[in-house]
Structure formats: structure tokens, C-alpha cells
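1. Test case, fold it:
(2 chains)
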Amino acid sequence: MQTMKLESLTQSIGEWLRGTGPESDIVMSSRVRLARNLPQYPFVSRASEQDRADIERFLRERIAMAPVGKSLESIDVGGLEEIDRQFLVERQLISREHADAQGARSVAIDQLEQVSLMINEEDHLRIQCIHSGLDLRGVWEQIKVVDEQIEQVVPYAFHPRFGYLTACPTNVGTGIRVSVMLHLPALVITRQIDKVFRSLHKISLAVRGLYGEGSQAMGDFYQISNQTTLGKSEEELVEQVGDVVPVLIDYERRAREFLVRETEQNVHDQVSRAYGILRTAQTISAEETMQLLSRVRMGVLLGLIGDVKIADINSLLIRTQPAHLQKLRGVELDTKDRNIERARYLRQHFEAGGQNVN
Amino acid sequence: MKCQQCEKQAVFHITELETGSVRELHLCEDHARVYLNQAEGSGGPAEDAEGSGAAPGGAGSLNAGLGVGQTADELAVLDQKACDMCGITFFEFRNQGRLGCPHDYVQFAKELEPLIANIHGATEHTGRRPSRSKQLAGDAAGDAAGDAAADGTGELTGVIGLRHEMKEAIACEDYEKAKENRDAIRAIEDRWIPTDRPERQE
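-> Reported below is the predicted structural model:
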């Protein structure tokens, strides 16, 4: 395993926004994570500074022995500046908790940014695998291999009855969290989204906004995941989430068709205005940018805006995030200056493309 | 008297008469309201799913599976119970919503079971199991044949306690004892953690 320079990442947009894969007009990404712990140490929240350093080194060195370790690069998250940690959060390579935590911690990622191994998050090891579009099966097959390889060199805390042992009992058993990130603007506009979420809760699925827990669903991006981790096999839990996705895709498609059929002028007006603001604003927040990009994204998919590519929108979604914007510009900026810089970046981007609204 | 579910003063003292048993509840105003609403409405434990995802600070929902069914005295005794390895008390766990070490699942198995059932609607893991550990257990002179020890977790969590003892011994300048502890830790780690590169799988 090598150590990695973050700057090399700014040139790409990472896996979750690549905008390819099945159903990628609605499904942004598919993700599975596994929570694992070492039996010979206390859980992270109770581990001493020395313990955390020992856990981090043990896991990093051990993972390097596994075949998967050869394709991974390690980043010392504890030693990063805040902006760099934020950068990794925006790319979904680490969680907000991992960024904000204390003490020795690191993440190992592969070149494609599909696999990321967080050391000393809430659990000693969090294995994450993410693919663009709808591909839960593919993600599961990949993460299973990673987990099996690590298991050859690392003892996992396991209980014959309770399964893989985790710091929080809500993760015990399989330690698996299966999730899909969906873009559901039409369900939001037609106000059906709450109804959909209520029915998801009834079948024990959780709904969160972009960037995980607590955060508001920015830009109509929603993450659907399993709530329970014990009593069902990993495959069953993958299926539980996977089964509901085609239904949601169908709802969103029908809502989009409805919008075009019944309120075409209105929708066309909304997306055109959104596009107009993005191309002309002089100062703009990250939240507003997300919201407007979401609308434009839908407009492109509905054929209401020509000449803009979905990949372009996805790239703007990540590059207008606070840490990405600052990295691209090579300077640290406060919120006010960031908003000005973000507006400038958007204008330049669209001018260079020279696209027009239909 | 404290509320069975939080630190506040218990102001509601409820006696539930069930078939063949009497159950005492001591709750603060807030938790009494939650409890009474639960008893009235259709909201069973499954409705209490909020926060039982990966959300941090899930202590509130964790507590939902505890307390009810135990008297204040029983709960007070239970709260004092500490893990032999990491030393966390059940009270600390209830407050933080995070366990201290993997051994807690053995030490507090009885107390955690209703809580786990409440969160997951199940108490038996049916998914994957570590495969390497089973082989290792077979190779390891056959003395670890018991089911619970079959994956090494049982012995390895012992290291947490031994490490703690070793630190104490060093602090007391009892180097003999510290050396014993260190050797014991090494023996366990050598047995369960392969020191060399793993052999290639075919």
C-alpha cells in the first residue's frame, strides 16, 4: 500500500458521480458497507490514544498483506487539514464522523474510488464498496471478496449467535448497510415523496438525504438503506433494498412523464430558470447550486434542455462542493468568497460549453 | 427515585397487571407519555425504528428496549454491572449507545438480547461466518473446539483485560507480573493471529 496525494483526485469525479451504469438517470450509485472489529481491542469510542494508534497500524499493515492491499493507497486522515478531510467526505470516500473523529485514523482507497476502507471510524474497520448506477449485486460480489481476503489476515470479532460484533447493537450480525442513492426530483415536485418514504419505513428501510444522516436531502438526492442487520443473510438484505429500487424508479419515471404531459410549460419554465440562474449568478451557495443542478439534470433527461450532458452536471455537482471548489482554485476561501468563486466557476463552465436552452 | 429510562426524577409509578405477573414502572413525565402512548396505540416496538439505522446518538431508541419490565431496583443493579475486559458499565452503555468492547456481547448477553430483538426483530445471526477462524481453530491443537471459542474471539477479547492488568502492574512496578501478562498476551495472539504472510489460496 502506498500513500496518496489528494491533488491527483481533483481531476476525476469519483465513482458515485460517474453517471454511468444501469438506470443511471435515476440511480446515482449503489453502495454496500461492512462493519468489522478486532476482538483484541476495545471499540473505538473506548480505545485509548495508544490503542487507536495500534489498531490503525495493525489493520493497515495486515490489509497490505492481502491481495486487495496491492491496489490500495492509504491516506492518513488524522494528519489531514480540515479542508482535505471535507474533500474526502464530498467524494464519499470517508464519512462525516470519520472526518470529525479524534486520534489515529486512516482510509485506504483503490484507484477507481470504488473500494474504501475506513480505519477507526465508529468500528475498527468499515469496508465500503460503491458502483455508479444500479448494481447492488456487483457491489456485493466485490465487497465479499475484499472482506474474505482481509479475513485471511485479520481476526474479526464474531459471536456464534450475534454474528459480527459492532460498537453499536444496531449494526450487529451481518454489519451490512446496503444503500442506493436516487435522484427523485419529479417525486419532490409532485409532492409524492413523503408518501413514498412512509411506505419505505413500513418495510423497515431508512431514507436519508445526500451525505448521510441528519442532513437535509440536498438537490433531491435520497439514500435508501436497510435498517436491520441481524436475522437475515447478507444476500437477503441486499435483495431487500434491491427489490424496492425498480418500484421507486417506476414511480419517478411516471411522475416525470406526468410533469411533461400535464404541466410541460411549467416544468420547462422551472428548469430554464434554474439553468439561467446557474449561468448568470454572481454569488451562489452550495445548497442553491445543488438544488438548481438537480432541476437542470431533470430538464436534460426530459429533453427540455439540449447540449448539456448528464456527466457534465454530475461533475459540477461535485466540483461546486466547498472543499472541491477550494482545491480546484488552489486557495482557501471563506463562505462569502466561496459563493462568489462558485458563481464564477459555473459561469465559466457554461460559457465554455456554449450551451443554449431550447 | 430515578426514571428507569433516563436521569430525570420518576414521577409516574405505574403498576401493570399482566397474566400471572405484576410489573412496576417508574418513569419521568416524558417517558411515561411515551410508554402510555405505546400501550394505547398500535405502535409496537417495530414503530420505534427511528434512529436505529447508522444514526449516531441512538441511545434514545436503544433505551426503548430496556427498562420496561424491570423494576427501578433491578435496573439500578444492572446499571452497576461492568465488563470484565473493558470495564464499561451497563449504565455508561445506556447513556452513550455504544458498547465498550466485543466481550460486552458475552458479558451483557442476557441484557442485550431484548434490546437486539427490539432493534432487529431477531436475535440469531444467519449470515456469513468467518471461514479462516474455523480452520485455525481446527489446526490449533484442537483445544479450542468449543463453539464459542471456535473463532478465537473469546480468547482474543481476553487480551483487552490482560493489557489493562499489564499497565497496572507496570504502574505498581510489579515487573514480574507485567512480564507474565505480556507473555500471556503474546501466546494468545500467536495462536490466533498468523505472523507470516498467508498462504495463497488456489
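2. residue ranges for the helices of chain A, please.
-> Remark: helices assigned in chain A by DSSP state H are A:49-65, A:82-90, A:96-100, A:136-151, A:185-189, A:193-202, A:234-280, A:286-301, A:310-319, A:322-329, A:335-353.
3. any weak-confidence spans in the stretch 201-350 of chain A?
-> Residues of the stretch 201-350 of chain A meeting the criterion pLDDT under 70: A:211-217.
4. same check, this time on chain B
-> B:11-24, B:33-34, B:36-70, B:132-150, B:195-202.
5. Strands of that one, start to end?
-> For chain B, the strands defined by DSSP state E occupy B:12-18, B:21-27.
6. Tell me which of the helices of chain A sits nearest to residue A:168.
-> Closest to residue A:168 of the helices of chain A, according to C-beta to C-beta: helix A:96-100, at 11.5 Å. C-beta: built from backbone N, CA, C; applies to glycine.
7. from the chain's centre, how far out does the closest one sit?
-> Averaging C-alpha positions (C-alpha atoms, centre = their mean, to the nearest Å) puts helix A:96-100 14 Å from its chain's average.
8. Give me the residue at the spatial middle of chain A.
-> residue A:92 (4.3 Å; C-alpha atoms, centre = their mean).
9. List the contacts of stretch A:286-293.
-> With contacts defined as C-beta atoms under 8 Å, 6 or more residues apart in numbering or on different chains, stretch A:286-293 is touched by A:210, A:218-221, A:274-275, A:277-278, A:313, A:316-317, A:320-322, A:338, A:342, A:346.
10. now the residue in the stretch 151-300 of chain A positioned nearest to chain B, nearest residue through space, not along the chain?
-> Proximity of the stretch 151-300 of chain A to chain B (C-beta to the nearest C-beta) peaks at residue A:231, 2.5 Å away. Spatial nearest neighbour of residue A:231, chain neighbours left out: residue B:122 (2.5 Å); criterion: C-beta to C-beta, 6 or more residues apart in numbering or on different chains.
11. can you tell me the residue of chain B closest to chain A?
-> Taking C-beta to the nearest C-beta, chain A has its nearest neighbour within chain B at residue B:122, 2.5 Å off.
12. Would you confirm that that residue contacts residue A:233?
-> No - taking contacts as C-beta atoms under 8 Å, residue B:122 lies outside contact range of residue A:233: 11.5 Å.
13. if we can go back for a sec, out of the contacts of stretch A:286-293, which are close to chain B?
-> Near chain B, judged by C-beta under 8 Å from any C-beta of the partner chain, there are no entries from those.
14. Any chance of a ChimeraX selection covering the buried ones in the residues you listed?
-> Filtering the contacts of stretch A:286-293 down to the buried ones (16 or more other C-beta atoms under 10 Å in any protein chain shown) takes a single ChimeraX command:
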select /A:210,218,219,220,221,274,275,277,278,313,316,317,320,321,322,338,342,346
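15. returning to that earlier point: distance of the residue nearest to residue A:231 from residue B:183?
-> 41 Å (C-beta to C-beta, to the nearest Å).
16. higher neighbour count, those two?
-> The neighbour count for residue B:122 versus residue B:183, taken as other C-beta atoms under 10 Å in any protein chain shown, is higher for residue B:122 (15 against 11).
17. what's the distance between that one and residue A:172?
-> 11 Å.
18. Where is the longest strand in chain A?
-> Across chain A, the longest stretch assigned as strand under DSSP E is strand A:27-36.
19. Next up, the contacts around the residue nearest to residue B:108 when sequence neighbours are not counted.
-> Counting by C-beta to C-beta, 6+ apart, residue B:108 lies nearest to residue B:90, which is 6.2 Å off, once chain neighbours are set aside. Contacts for residue B:90 (C-beta under 8 Å, 6+ apart) come out as B:78-82, B:108, B:111.
20. most neighbours, which of these?
-> Going by other C-beta under 10 Å, residue B:108 tops the contacts of residue B:90 with 22 neighbours.
21. Contacts only, for that one.
-> Counting by C-beta under 8 Å, 6+ apart, the residues that residue B:108 touches are B:81, B:83, B:90, B:93, B:99.
22. switch to 10 Å and redo it
-> A:169, B:78, B:81-83, B:88-90, B:93, B:99-100, B:115 (C-beta atoms under 10 Å, 6 or more residues apart in numbering or on different chains).
23. Just list the residues touching the residue of the stretch 151-300 of chain A closest to chain B, thanks.
-> Going by C-beta under 10 Å, 6+ apart, the list of residues near residue A:231 reads A:163, A:173-174, A:237, B:116-117, B:120-127.
24. Out of these, which sit inside helices?
-> A:237, B:116-117, B:120.
25. which residues in chain B form helices?
-> Ranges of helices in chain B, per DSSP H, are B:29-40, B:59-64, B:72-80, B:90-96, B:104-107, B:109-120, B:131-139, B:153-171, B:175-192.
26. ok, how many other residues are close to residue 192?
-> As the question left the chain open, I've gone with chain A. For residue A:192, using other C-beta under 10 Å, the count is 17.
27. Chain B was what I was after
-> Residue B:192: 22 neighbours (other C-beta under 10 Å).
28. Please name the nearest non-neighbouring residue to it.
-> In space, residue B:192 comes closest to residue B:152 once its chain neighbours are excluded; the distance is 3.9 Å by C-beta to C-beta, 6+ apart.
29. Residue A:179 now?
-> Distance criterion C-beta to C-beta, 6+ apart; nearest residue to residue A:179, sequence neighbours excluded, is residue A:225 at 3.7 Å.
30. The one you found reaches residue A:171, doesn't it?
-> No - counting by C-beta atoms under 10 Å, residue A:225 does not reach residue A:171; the two are 11.8 Å apart.
31. Compare those two (neighbour count), which wins?
-> Neighbours per residue (other C-beta under 10 Å) separate residue A:225 from residue A:171, with residue A:171 holding more: 29 against 24.
32. need the contact list for that one.
-> Per C-beta under 10 Å, 6+ apart, neighbours of residue A:171: A:33-35, A:37, A:122-123, A:126, A:163-165, A:177, A:228-230, B:52-54, B:119-120.
33. are any of those buried, and which?
-> A:33-35, A:37, A:122-123, A:126, A:163-165, A:177, A:228-230, B:52-54, B:119-120.
34. re earlier: can you work out which residues contact both of residue B:122 and residue A:172?
-> A:229-230, B:116.
35. returning to what we had before: so what angle separates the directions of the longest strand of chain A and helix A:136-151?
-> Interaxial angle, strand A:27-36 versus helix A:136-151 (axes from the mean of the first three to the mean of the last three C-alpha atoms, to 10 degrees): 30 degrees.
36. Only the C-alpha atoms, please, for strand A:27-36, written as CSV.
-> Written as CSV, here are the backbone C-alpha positions of strand A:27-36 (Å, rounded to 0.1, in the frame of the first residue of the first chain):
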residue,chain,number,x,y,z
VAL,A,27,-29.9,5.7,-9.6
MET,A,28,-26.8,7.7,-8.9
SER,A,29,-24.9,4.9,-7.1
SER,A,30,-25.1,1.6,-5.3
ARG,A,31,-23.2,1.1,-2.1
VAL,A,32,-22.5,-1.6,0.5
ARG,A,33,-20.6,-1.3,3.7
LEU,A,34,-19.5,-3.8,6.2
ALA,A,35,-18.7,-3.0,9.9
ARG,A,36,-15.9,-5.2,11.4
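37. what's the angle from it to helix A:49-65?
-> 120 degrees.
38. can you count the residues close to residue 77?
-> Picked chain A for this. A count of neighbours around residue A:77, defined by other C-beta under 10 Å, yields 23.
39. try again with chain B
-> Neighbours of residue B:77 (other C-beta under 10 Å): 12.
40. Could you do residue A:20 as well?
-> 13.
41. give me the beta-bridge partners of the closest residue to it other than its chain neighbours?
-> Of all residues not flanking residue A:20 in the chain, residue A:132 sits nearest, at 5.0 Å (C-beta to C-beta, 6+ apart). Applying DSSP bridges to residue A:132 gives these bridge partners: residue A:29.
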